[in-house]
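Asks: What follows is a predicted protein model with its sequence.
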Amino acid sequence: MDNKVKNYQANRIREASHGRGLIPPCQVACPLHMEIGEYVDLVAQGKVLEALQVIRDGNPFPSICAYVCTHPCEDACRRSQVDKPIAIRALKRFAVEFGGDRMIQLEAETTQSEKVAVVGSGPAGLACAYYLRKLGYPVTIFEAYSELGGMLRVGIPQYRLPREVVDTEVQRLIHMGVEIKTNTRVISLDLLFDMGYKAIFITVGAHQSLRMGIEGEESPGVIDGATFLREVNLGLKPSLGERVAVVGGGNVAMDAARAAVRLGANKVCILYRRSRAEMPASSGEIEQALEEGVQTMFLVAPTKVKRTNGRLSVTCIRMELGEPDAGGRQRPVPIEGSEFNREFDTLVTAIGQAPQISKDFHIRIGKGSTIQVDPVTLTTNRTGVFAGGDAVTGPATVTQALASGRQAASRIDDYLQHRYPLIDKEAEGTLSGELSPETIEMIRKIERLEPPLLPPEARLKEFKAVELIYNWEAAVNEARRCLRCGMGAEILFQDKCATCLTCLRVCPYHVPYLDDGGTIQIPADQCQACGICVTECPARAIVLRKPYNRKQIDEELEHVLKSAAESKSKPLIIGFCCQYGLFGTGALSSLWREGKAGIWIVPVLCVAKLEEVHILRAFEMGAEGVFIAGCGEQCSRENTAFWVLQRVERIRKALSQIGLEPERLQAFNLSATWGDTAEALDNFTERIGGLCLASAIKQEVKS
Amino acid sequence: MIVAEQKPLEEIRRIIAPYERLLLLGCGTCVTVCGAGGEREISFLNSALRLAQAKSSDGIHSFLEYTVKRQCDFEFLDVLVDKVNEVDAILSLGCGIGVQVVAERFADIPVLPGVNTSFMGMAKEWGVWDERCAACGDCRLAETAGICPITRCTKGILNGPCAGTKNGKCEANKDMDCAWILIYKRLERLQQLEKMRRYYPPRNFRVIPRPRRIVMKADVELGEDNG
């Protein structure tokens, strides 16, 4: 910047120290508390490497979560109050694949001397090992089976989580220096302490299927879900016969049924004692199972199994739903005299699983055969022994297990460093609450894009992954649906606020209001972070919580001006383009990808955030023409065009007073109804070329 | 609220031409609200002046910018002392009052106006301001149903409407409401139409001496018995 020009804004500058946003509900719901809003926004900007970085900061094995996470974040997503939640897991999958997660190599140095043993190599064990290695501890994983991964390997079928993904993560751990001992069942913890381990993390999972407790359960042809899936996943091909029944309504039941289909069973039927609405399996799983031809019998429970001539005769009883139980689900009640028989070749029982803990561990076991631990420190009744994962919680999700592993690593670190446990602070400033009907009405409805699936015919033959990945455009468009909860505007400088009511009048979502005391309030849970009030505020008292501030555009602009000066291209044309649009499907993306001589692009996070001073600066630094281009039909806002055109008019007025032609500033592609942007841009560059020539001639004549 | 409008850029450039170093001084009250001279406008003006200078290559100005909470009280101006020493003139985007108070506070430096102080009024909607009060010093709004004929009638007559009213609009501007029709309608609504039937004698503006001063504080002598 011209050093003669001193731009004092020394009064009350707080922007630099301005913090991050309020924590949105998706992040609160995530067991790992990942910064979901952050990476979704980065995907929307086409910054996939940065998105992956944010994902990796919060998740030890993002590629695994990208396949199998049950995404509680999507259930908490406030977009569902408008239309449907953001497809967060699919976006993570996109970032992981397109960002090249599998290429990332991690290193870890050993800086501590205390050895830690991790018993069990499921997601909790792997996560704990990962974080302990990062803290510098020597770590050994003990695994009873031949391969690492626990339920990731023996519980989840390959069509949901390809083995290569688990292999990559395991290789990465080995590269980080984690010692692996497979085919090693730990029988005594004392032995581990004798071997020099200072702390032990028990995470043996919940592999023991619960029994139904009915007559004939021991017959050949009856197999429990966990064992069945383990055999399938370890590459054995159990022979099932033609007709298979699966008892249960959870994810394991779905996995078993879908695996049976893939193993060639002609007829696979799920028997569930409640109705579909009560099924604990995730709805996507149920739908995909039905697409693959799995049949269902609801309100039915087996009461007896009899094996004759190699076939199972299963006696079932019909149920009806009675009073709700403690969990709120209606309790199934048998209808007397409604028994009936069905014949099957195989019966798979999948009604729940529990951990199986060796008595020789001498640790206290609680309800449902799970290990009793302090929920905060994860310590058991034995000193130096910690436990986590399904072994403590009973069957839960992969993400919960990862969170438990991460928690264990920090607590073990505290223990080994003789530190009082540094309890994770309660998240400060979370954001919750319903969107008001007026806000919802003004939010543009945009359909959720689901990632493509393999067609059902193609799925039946093999165990290939069913879900495919978004392409670039689909991912960007889906990510742009995010409402940016907690990133909204706030009046940072109350002392500057003149209560002029501009924000209240310009807000497209009718969010700011005047409270009874005569102060303007901008409720964080309603603000959509469009930034219009920030740019229009005459006192410059408002900022966005996530600082998409004017400095960001200033920096981008200075960078472009520098590069342009080096290239000496004439005439210099600067385009302020919507960053979101540059990676979408519209006219801007071709401009960005193909490039054009003399046109320099300054990406802006929505052109509604562009201020007059930025445009004036571009002219000041030698731009012959400046254009503003929005993202047209992809814009997630309704009135961007109005505000951009207001600013354009104002600057054109100033330009003409200075003696510059007002048409040197143009705006394009601001709304869905805009004409051909490419052609209009061509005309614009031509006109600017003409204006330059004309002024050069004028100069010539003058001199 | 006082409503002002920024002067055209050409005029501002002409006014500042003799001075090299300038302080662009905003005001955080009325002119901020009416979008003429708040922090945002100061920064726009700064950019526009720099651009003009870059394009004409005849200027050598340098600009400081600063916005105080209110220019019309000396106390708010104390923070400017150091900055004023670094400049040759101050371009105030405050109203006429602000410019004069700044000039009075900093006696040794030229203080120039950057806005035209226009009227006292209100925001009709975003970006539109309307005049409402002429500060006549003799308020008659009680008789005219809360609508001021002095500011809102083109002629400012006290006994209206005149013959120039047509369909509720003024003959001077067909888009402008006739203030006296508005007064009539509102009096009718308030059932006070008898106020229309009275004659209000013309006011003698000559009796108002300028500049006006209002004294609230009483003259008291200390140490004496008040009884």
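Replies: Happy to help now that I have it.
Asks: where does chain B dip in pLDDT?
Replies: By pLDDT under 70, the low-scoring segments of chain B are B:58, B:205-207, B:224-227.
Asks: Going along the chain, name the helices of it.
Replies: Ranges of helices in chain B, per DSSP state H, are B:9-16, B:30-33, B:39-56, B:74-77, B:81-85, B:96-105, B:149-152, B:179-189.
Asks: How about the stretch 251-400 of chain A?
Replies: For the stretch 251-400 of chain A, applying DSSP state H, counting those that start in this stretch gives helices covering A:251-262, A:283-291, A:390-393, A:398-416.
Asks: Could you check the angle the strand ranked longest in chain B makes with helix B:39-56?
Replies: Determined from DSSP state E, the single longest strand within chain B is strand B:115-125. Angle, strand B:115-125 to helix B:39-56, by axes from the mean of the first three to the mean of the last three CA atoms, to 10 degrees: 130 degrees.
Asks: got the residues of chain B near chain A?
Replies: B:8-10, B:28-29, B:32-33, B:35, B:38-41, B:43-44, B:46-48, B:50-52, B:54-56, B:60, B:62-67, B:69, B:79, B:83, B:123, B:125-127 (CB under 8 Å from any CB of the partner chain). Where you see a C-beta, it was placed from the backbone N, CA and C, and this is true even at glycine.
Asks: and with 7 Å instead?
Replies: Residues of chain B lying close to chain A by CB under 7 Å from any CB of the partner chain are B:8-10, B:28-29, B:32-33, B:35, B:38-41, B:43-44, B:46-48, B:50-52, B:54-55, B:62-67, B:125-126.
Asks: ChimeraX command for the buried members of those?
Replies: ChimeraX command restricting those to the buried ones, with burial defined by 16 or more other CB atoms under 10 Å in any protein chain shown:
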select /B:9,28,29,32,33,35,38,39,40,41,43,44,46,47,48,50,51,52,55,62,63,64,65,66,67
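Asks: got the end-to-end distance for stretch A:571-583?
Replies: Using CA to CA, to the nearest Å, the end-to-end distance of stretch A:571-583 comes to 26 Å.
Asks: Which positions within that stretch qualify as buried?
Replies: Residues of stretch A:571-583 classed as buried: A:571-583 (neighbour count, 16+ other CB under 10 Å).
Asks: do that stretch and chain B meet?
Replies: No. Figure legend: stretch A:571-583 not in contact with chain B (CB under 7 Å from any CB); closest approach 13.3 Å.
Asks: contacting residues around that stretch?
Replies: Applying CB atoms under 7 Å, 6 or more residues apart in numbering or on different chains, the contact partners of stretch A:571-583 are A:44-46, A:472, A:476, A:480, A:560, A:564, A:588-589, A:592, A:598-607, A:610, A:614, A:618, A:622-632, A:634, A:685, A:688-689, A:692.
Asks: For ChimeraX, what selects the buried ones among the residues you listed?
Replies: If you want just the buried ones from the contacts of stretch A:571-583 in ChimeraX, going by 16+ other CB under 10 Å, the selection is:
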select /A:44,45,46,472,476,480,560,564,588,589,592,598,599,600,601,602,603,604,605,606,607,610,614,618,623,624,625,626,627,628,629,630,631,632,634,685,688,689,692
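Asks: So which of the contacts of stretch A:571-583 are in strands?
Replies: Reading strands off the contacts of stretch A:571-583 with DSSP E, I get A:I599, A:W600, A:I601, A:V602, A:P603, A:V604, A:G625, A:V626, A:F627, A:I628, A:A629.
Asks: Would you list the phi and psi of the residue lying closest to the first one once chain neighbours are set aside?
Replies: Leaving aside its sequence neighbours, A:I599 sits nearest to A:I573 (CB to CB, 6 or more residues apart in numbering or on different chains; 4.9 Å). Dihedral pair for A:I573: phi -120, psi 130, per degrees, to the nearest 10.
Asks: Mind splitting the chain into its structural domains?
Replies: By default, I'm working from chain A. Structural domains assigned to chain A are A:1-21+A:486-548, A:25-104+A:434-479, A:115-207+A:355-416, A:217-352, A:550-702, following automatic domain parsing.
Asks: meant chain B actually
Replies: Chain B breaks down by automatic domain parsing into domains covering B:2-119, B:136-202.
Asks: Deepest-packed of those domains, please.
Replies: Highest mean neighbour count of the domains of chain B: domain B:2-119, a mean of 20 (counted as mean count of other CB atoms under 10 Å in any protein chain shown).
Asks: roughly how far out does that one sit from the chain middle?
Replies: The chain centre lies 16 Å from the centre of domain B:2-119; the measure is CA atoms, centre = their mean, to the nearest Å.
Asks: ditto for stretch A:371-387
Replies: That offset, for stretch A:371-387, works out to 30 Å (CA atoms, centre = their mean).
Asks: One more: stretch A:193-212?
Replies: With CA atoms, centre = their mean, you get 30 Å for stretch A:193-212.
Asks: Then stretch B:171-190?
Replies: 25 Å.
Asks: Quote the end-to-end distance of it.
Replies: One end of stretch B:171-190 sits 27 Å from the other (CA to CA).
Asks: who touches that stretch?
Replies: Residues contacting stretch B:171-190 (CB under 7 Å, 6+ apart): B:144-147, B:149, B:152-154, B:160-161, B:164-165, B:168-170, B:193, B:195-196.
Asks: What helix or strand is A:A199 located in?
Replies: For A:A199, the element it lies in under DSSP states H and E is strand A:197-202.
Asks: swap in A:E490?
Replies: Short version, using DSSP H and E: A:E490 is in strand A:489-491.
Asks: Quick one: residues contacting residue 115.
Replies: Let's take chain A. A:K115 makes contacts with A:P138, A:T140, A:G196, A:Y197, A:K198, as judged by CB under 7 Å, 6+ apart.
Asks: actually it's chain B I care about, not the one you picked
Replies: B:A4, B:E5, B:Q6, B:K7, B:V31, B:A36, B:G37, B:L93, B:C95.
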